[in-house]
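Engineer: Here's a sequence, model it:
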Amino acid sequence: MMKRPQKGSPRWMTTFTDLTMLLLTFFVLLVATSKQDAVKLSKMLEKFSDVEQVDAKVMENTIPDISHEKNDEKMVSKKRMDELYKKLKAYVDNNGISQVNVYREDTGVSVVIVDNLIFDTGDANVKPEAKEIISQLVGFFQSVPNPIVVEGHTDSRPIHNEKFPSNWELSSARAANMIHHLIEVYNVDDKRLAAVGY
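Structural biologist: Numbering: from 1, shown residues only. As a prediction, the model looks like this:
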């Protein structure tokens, strides 16, 4: 029995075409991200000038060097965080908020409220006596546009009950409750807030 001839190109051509396109894309990306040397480029264009008349101009630095822009952004961000740290530290000191420590970290500025001031042991509800300190801090937070990440930490003792099967659930519930408190009581924009449990 004779096989019918296939219509169109052989199947291996599809794979070969895909491979060729991927290689082309790879080399285009390499060229696009590389730094252009104007002298070498003009020599290369001279070699091709015999093939066809092409009116080509070589421009220096046609691809912008974004490494300086990234470094500048990092420096500006670092300066902003340093300024934010100084303002927040001064705000805490001037308002006599002694139960709060302010730290400058690589990722931003941290505000740590000392010990069991906000939550009772094994509980995730905000204590009424903590609301005054929170309101003082919120006064500052509403004056700056930065995002706020609320980190819930847990007790040093392991917990295992119906409400909180582990310390992880307790810390997450504390962070979430603080977020709800900031939104409902102080009208902090929820787009600025994030909760993390440790």
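
Engineer: Could you use CA atoms for every contact and neighbour count after this?
Structural biologist: Will do.

Engineer: Just the strands from the chain, written as ranges.
Structural biologist: 100-105, 108-113, 148-152, 193-197 (DSSP state E).

Engineer: The one residue sitting closest to the centre of the chain and Met44: what is the separation?
Structural biologist: The residue lying closest to the centre of the chain (C-alpha atoms, centre = their mean) is Thr107, at 9.6 Å. Separation of Thr107 from Met44 (C-alpha to C-alpha, to the nearest Å): 47 Å.

Engineer: picking that back up, and among the strands of the chain, the most buried is which?
Structural biologist: When you average the neighbours per residue for each of the strands of the chain (mean count of other C-alpha atoms under 10 Å), strand 148-152 leads with a mean of 19.

Engineer: Partner strands of it and their direction?
Structural biologist: Neighbouring strands of strand 148-152 in its sheet, by DSSP bridges, are strand 193-197 (parallel).

Engineer: And the pLDDT for the residue nearest to the centre of the chain?
Structural biologist: In this model, Thr107 is scored at 74, pLDDT.

Engineer: swap in the one 10 residues further on?
Structural biologist: As summarised for this prediction, Leu117 has a pLDDT of 77.

Engineer: again, but for Leu88
Structural biologist: 81.

Engineer: Tell me which residues touch it, please.
Structural biologist: Leu88 makes contacts with 102, 140, as judged by C-alpha atoms under 8 Å, 6 or more residues apart in numbering.

Engineer: mind checking how far it is from Leu22?
Structural biologist: 52 Å.

Engineer: quick revisit: JSON lines please, covering the strands of the chain and showing distance to Ala130.
Structural biologist: What follows is these, written out as JSON lines (distance: least, C-alpha to C-alpha, whole Å):
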{"stretch": "strand 100-105", "distance to Ala130": "11"}
{"stretch": "strand 108-113", "distance to Ala130": "10"}
{"stretch": "strand 148-152", "distance to Ala130": "15"}
{"stretch": "strand 193-197", "distance to Ala130": "18"}
